[in-house]
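S.K.: Quick check, what structure comes out for this input:
(one chain, ligands or ions: 2)
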Amino acid sequence: MPDLLTDENIMTALGKVKDPEIGRDLVSLGMVKNIEITGPHVALSVELTTPACPLKAKIEDDIVSGLQELGAETVKVDWLSNVKRSFGGPAADLIPGVKNTIAVASGKGGVGKTTVAVNLAVSLARDGARVGLLDADITGPNVPLMMGTMGAHVTGAGGRVIWRGPLIHSAIQQFLRDVDWGELDYLVVDLPPGTGDAALSLSQLIPLTGAVIVTTPQEVSLADARKAIAMFTKVNVRTLGVVENMSGFICPNCGEEHDIFGSGGGAKIARELELDVLGRIPLEPGVRSGGDAGVPITSTQHPDADHSRAGAAMREVARTIAGRISVVAEPYAMAAAG
Ligand SMILES: Nc1ncnc2c1ncn2[C@@H]1O[C@H](COP(=O)(O)OP(=O)(O)OP(=O)(O)O)[C@@H](O)[C@H]1O
Ligand SMILES: [Mg+2]
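M.R.: Ligands and ions are numbered 1, 2, ... in the order given. From the prediction side, this is the model:
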């Protein structure tokens, strides 16, 4: 049997394993980087389009079973990643090292936009991505509090400024250009709430891969979420999907889930507008205390890190978003490769 274990046969077998998200096989996508055969043992490296791949386990299972059919006794997969860029155009030159940008938006304030933005950034970073976080809610920034960086100062910042339309415009452009973002796989942008001038002009100014809309399950919040989605459509920014936050309450005493604001509203507008629900995050006291203390629920430093359902849901949402972005990036990568 092990004489079937040749490079060629292995490549043929891997040519039948699909990246479930992109829908093409690992070989034609150039994801197989290295194969070592030692008797009946095979070690290979697979390069993913994101270290936060939601389907890693599925891909690994498919590889292992494909190679077992060739007689491999053990199969060791080493994961590499190469995050691709998903936008172009002149504004992209403002942030040359940034591969993807995700706007976190909502139609209504207070639905957990900053909480989602912060935990999205932390989750992607925990999975091994290089991540930046931009608080574009310059009229009421709260990222510094939730990240525990209150009091940290950026040199060169001016004093108090009254933010009017044109000022916001040039401040953001300057900010994108002058900040040394370095090489980033993902830049998460916390947008101001609503669909007013600030949110509108920011979503035109910042080159965006797409927007994630945060809503709570209540009707009022849903109505506003619809408006936010319409705003992105108007400025040609794709909506990556909807996150339903505060979806059910996890009682800290009994651990049971109670519906407070209801649930499933996110699914309703997603269906209506042909969007995806990226996830549902329960209302959990540790999320708020983590936000207040500057220790996000998804951080390993949060006391509930290992057993928070909201934290687990946030990490799942982050991987789902990373997967969506890989799909968006694919045609850009193909174009760049000629
Ligand atoms: N899933 C959750 N469980 C518990 N508390 C939450 C959850 N999501 C958000 N919160 C809390 O709700 C409050 C509002 O959340 P957050 O500040 O993220 O909303 P926002 O949409 O950014 O608000 P704003 O419009 O003011 O910027 C915060 O105190 C936050 O800690
Ligand atoms: Mg906020």
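S.K.: so what secondary structure elements neighbour the lowest-mean-pLDDT helix or strand in the chain?
M.R.: Across the helices and strands of the chain, mean confidence by mean pLDDT, DSSP states H and E is lowest for helix 165-178: a mean of 78. When contacts are defined as 3 or more C-beta pairs under 8 Å, 6 or more residues apart in numbering; DSSP states H and E, helix 165-178 packs onto helix 197-205. Bear in mind the C-beta positions are built from the backbone N, C-alpha and C, glycine included.
S.K.: List the buried residues in the helix it packs on.
M.R.: By neighbour count on 16 or more other C-beta atoms under 10 Å, the buried set for helix 197-205 is 198, 199, 200, 201, 202, 203, 205.
S.K.: I'd like these laid out as CSV, including distance to ligand 2 and pLDDT.
M.R.: As requested, the buried residues of helix 197-205 are exported to CSV (distance: C-beta to the ion, whole Å; pLDDT from 0 to 100):
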residue, distance to ligand 2, pLDDT
198, 12, 78
199, 12, 85
200, 17, 86
201, 18, 83
202, 13, 84
203, 16, 87
205, 19, 87
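S.K.: Show me which residues of the chain are close to ligand 2?
M.R.: Within the chain, the residues that sit near ligand 2 (C-beta under 5 Å from the ion) are 113, 114, 142.
S.K.: which among those residues end up buried?
M.R.: Here, 16+ other C-beta under 10 Å leaves 113, 114, 142 buried among the residues of the chain next to ligand 2.
S.K.: Switch those residues over to CSV; also include distance to residue 273 and pLDDT.
M.R.: Formatted as CSV, those follow (distance: C-beta to C-beta, whole Å; pLDDT from 0 to 100):
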residue, distance to residue 273, pLDDT
113, 19, 95
114, 24, 96
142, 28, 84
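S.K.: Also near ligand 1: which of these, exactly?
M.R.: Applying C-beta under 6 Å from any ligand atom to these, one finds that 113, 114, 142 fall near ligand 1.
S.K.: mind checking how far the second one is from residue 227?
M.R.: Between residue 114 and residue 227 the distance, using C-beta to C-beta, to the nearest Å, works out to 19 Å.
S.K.: What of the last one?
M.R.: Counting by C-beta to C-beta, the gap from residue 142 to residue 227 is 22 Å.
S.K.: hey, where'd the helices end up in the protein?
M.R.: 7-14, 56-68, 113-126, 143-147, 165-178, 197-205, 219-234, 265-272, 285-293, 309-336 (DSSP state H).
S.K.: Give me the helices and strands touching the longest one, please.
M.R.: Translated: helix 309-336. helix 113-126, strand 210-215, strand 239-250, strand 277-283, helix 285-293.
S.K.: That helix to helix 285-293, inter-axis angle?
M.R.: Here the directions of helix 309-336 and helix 285-293 differ by 70 degrees (axes from the mean of the first three to the mean of the last three C-alpha atoms, to 10 degrees).
S.K.: Equivalent analysis for the third one, please.
M.R.: Angle between the axes of helix 113-126 and helix 285-293 is 90 degrees (criterion: the same axes, to 10 degrees).
S.K.: Which positions in the stretch 201-338 of the chain make contact with ligand 1?
M.R.: 245, 246, 281, 283, 284, 287, 288, 291, 310.
S.K.: Tell me how many other residues surround the closest residue to the fifth one other than its chain neighbours.
M.R.: Closest residue to residue 284 in three dimensions, ignoring its sequence neighbours and counting by C-beta to C-beta, 6 or more residues apart in numbering: residue 310, at 4.0 Å. Residue 310 sits with 28 neighbouring residues when counted by other C-beta atoms under 10 Å.
S.K.: any idea how far residue 310 is from residue 282?
M.R.: Residue 310 is 5 Å from residue 282, by C-beta to C-beta.
S.K.: got it, and residue 130?
M.R.: 29 Å.
S.K.: repeat for residue 12
M.R.: 46 Å.
S.K.: hang on, the earlier thing: okay but the residue nearest to residue 284 is in contact with residue 297, surely?
M.R.: Yes. Assessed by C-beta atoms under 8 Å, residue 310 is found in contact with residue 297 at 5.7 Å.
S.K.: Check the contact lists of the two and give me the overlap.
M.R.: Common neighbours of residue 310 and residue 297, using C-beta atoms under 8 Å, 6 or more residues apart in numbering, are 284, 286, 287.
S.K.: you'd agree the last one is up against residue 310?
M.R.: Yes. With contact defined as C-beta under 8 Å, residue 287 reaches residue 310; the gap is 4.9 Å.
S.K.: picking up where we left off before, can you lay out the buried ones among the residues of the chain next to ligand 2 as a markdown table showing distance to residue 42?
M.R.: What follows is those, written out as a markdown table (distance: C-beta to C-beta, whole Å):
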| residue | distance to residue 42 |
| --- | --- |
| 113 | 46 |
| 114 | 46 |
| 142 | 50 |
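S.K.: Among those residues, find me the one that's closest to ligand 2.
M.R.: residue 114 (3.2 Å; C-beta to the ion).
S.K.: For the closest one, which residues are in contact?
M.R.: 104, 135, 137, 142, 143, 146, 190, 291.
S.K.: Please apply the same query to residue 220.
M.R.: Residue 220 touches residue 108, counting by C-beta under 8 Å, 6+ apart.
S.K.: quick one: residue 10 from residue 35, how far?
M.R.: 6 Å.
S.K.: again but with residue 139, I slipped
M.R.: Relative to residue 35, and taking C-beta to C-beta, residue 139 is found at 54 Å.
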